[in-house]
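**Q** With the input below, show me the fold.
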Amino acid sequence: MKKQRVAIVEWIDSCRRDDQSDDLPSPTLIRSVGWLAHRSKRYVVLVRDQHTDESSYEWRGALAIPRECIRKVRVL
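**A** Residues are numbered from 1 along each chain as shown. As a prediction, this is how the structure comes out:
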């Protein structure tokens, strides 16, 4: 079974205006932590939960983050 790495990804997320506010929205810096399930030129996939048995992985809570939004990836 291949060992999966845990990573922290800092990325910029879009934001929408809160209906209770008159302020304009602005993008927000997000820090996500999870298993680094996939890396490509286009995006990174982090997974929140992992269920394993002797022969396979089952992922839950996968998040694909576009490379254009990523500021830093730190593998732990």
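**Q** and the longest strand for this protein?
**A** Ordering each strand of the chain by length in residues (DSSP state E) puts strand 28-39 first.
**Q** Identify each buried residue in that strand, please.
**A** Gly34, Trp35, Leu36, Ala37 (16 or more other CB atoms under 10 Å). Where you see a C-beta, it was placed from the backbone N, CA and C, and this is true even at glycine.
**Q** Just put those residues in CSV and tack on distance to Ile12 and pLDDT.
**A** Shown next, in CSV, are these (distance: CB to CB, whole Å; pLDDT from 0 to 100):
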residue, distance to Ile12, pLDDT
Gly34, 18, 95
Trp35, 22, 92
Leu36, 19, 94
Ala37, 21, 90
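**Q** which one is Leu24 nearest to, not counting chain neighbours?
**A** Closest residue to Leu24 apart from its sequence neighbours, by CB to CB, 6 or more residues apart in numbering: Arg17 at 6.7 Å.
**Q** do Arg16 as well
**A** Arg16 sits nearest to Pro25 (CB to CB, 6+ apart), 5.7 Å away.
**Q** residue contacts, that neighbour?
**A** Cys15, Arg16, Arg17, Asp18 (CB atoms under 8 Å, 6 or more residues apart in numbering).
**Q** what's in contact with stretch 4-17?
**A** Under CB under 8 Å, 6+ apart, the answer for stretch 4-17 is 23-37, 44, 46, 50, 57, 65, 69-76.
**Q** export the longest strand of the chain as CSV, just CAs?
**A** Coordinates of each C-alpha in strand 28-39 appear next as CSV, following Å, rounded to 0.1, in the frame of the first residue of the first chain:
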residue,chain,number,x,y,z
THR,A,28,-10.0,35.1,1.1
LEU,A,29,-6.8,33.3,2.0
ILE,A,30,-7.7,29.7,3.0
ARG,A,31,-5.4,27.1,4.7
SER,A,32,-6.6,23.5,4.0
VAL,A,33,-5.0,20.4,5.6
GLY,A,34,-5.4,16.9,4.3
TRP,A,35,-4.0,13.9,2.5
LEU,A,36,-2.4,14.9,-0.8
ALA,A,37,-4.3,12.5,-3.1
HIS,A,38,-3.3,14.0,-6.4
ARG,A,39,-1.1,16.7,-7.9
